[in-house]
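> Need a 3D model of the sequence below.
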Amino acid sequence: MIERIKEGANSMNPFYEEVYALARQIPFGKVVSYSQIAWKLGQINGARAVGRAMRLSPQDVPAHRVVRADGVLVGPSANVRKAALVDEGVVFKASGRIDMKACSWSMSEIAPAQMKEPL
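Numbering: from 1, shown residues only. Okay, the predicted model is just below:
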């Protein structure tokens, strides 16, 4: 089981709430990279912040569907996340990486966030 924080314990961070709102829209059997979410939210270099948000996400967020852009699953919950993705029909290559071409969700039906100026 993926260990997460208690529901609502991280609701004070507006960026995390935006990340969670996007992650909740990822369809069953699809994945999105940390960097895709960061870009969608106007945070060009925000992939690590998205990763932190996923590590602290509430139970209703399908954090297992947010992965590295190269399709590699890392961290202590990698095996649990892989099992959840396999159960959803996500395709893995012989190398153990997710087939990002086959399984990426484009997020094209979501209106882009107003782009913020990079720091």
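> what ranges do the helices span in this protein?
14-23, 34-40, 47-55, 78-87, 100-103 (DSSP state H).
> Which positions within the shortest one qualify as buried?
Spelled out, it's helix 100-103. 100, 103 (16 or more other C-beta atoms under 10 Å). All C-beta spots, glycine's among them, are computed from the backbone N, C-alpha and C.
> same check, this time on stretch 74-93
Here stretch 74-93 shows 77, 81, 82, 84, 85, 88, 90, 92 as buried, counting by 16+ other C-beta under 10 Å.
> about what we covered before: with mean pLDDT and distance to residue 68 as extra columns, can I get the helices of the chain in TSV?
Shown next, in TSV, are the helices of the chain (pLDDT from 0 to 100; distance: least, C-beta to C-beta, whole Å):
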stretch	mean pLDDT	distance to residue 68
helix 14-23	95	15
helix 34-40	95	7
helix 47-55	95	9
helix 78-87	96	10
helix 100-103	96	9
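> which one of those lies closest to residue 69?
Nearest to residue 69, of all those, is helix 34-40, at 5.4 Å by C-beta to C-beta.
> got the contact list for that closest one?
19, 22-23, 44-51, 54, 66-69, 104, 107, 110, 112-113 (C-beta atoms under 8 Å, 6 or more residues apart in numbering).
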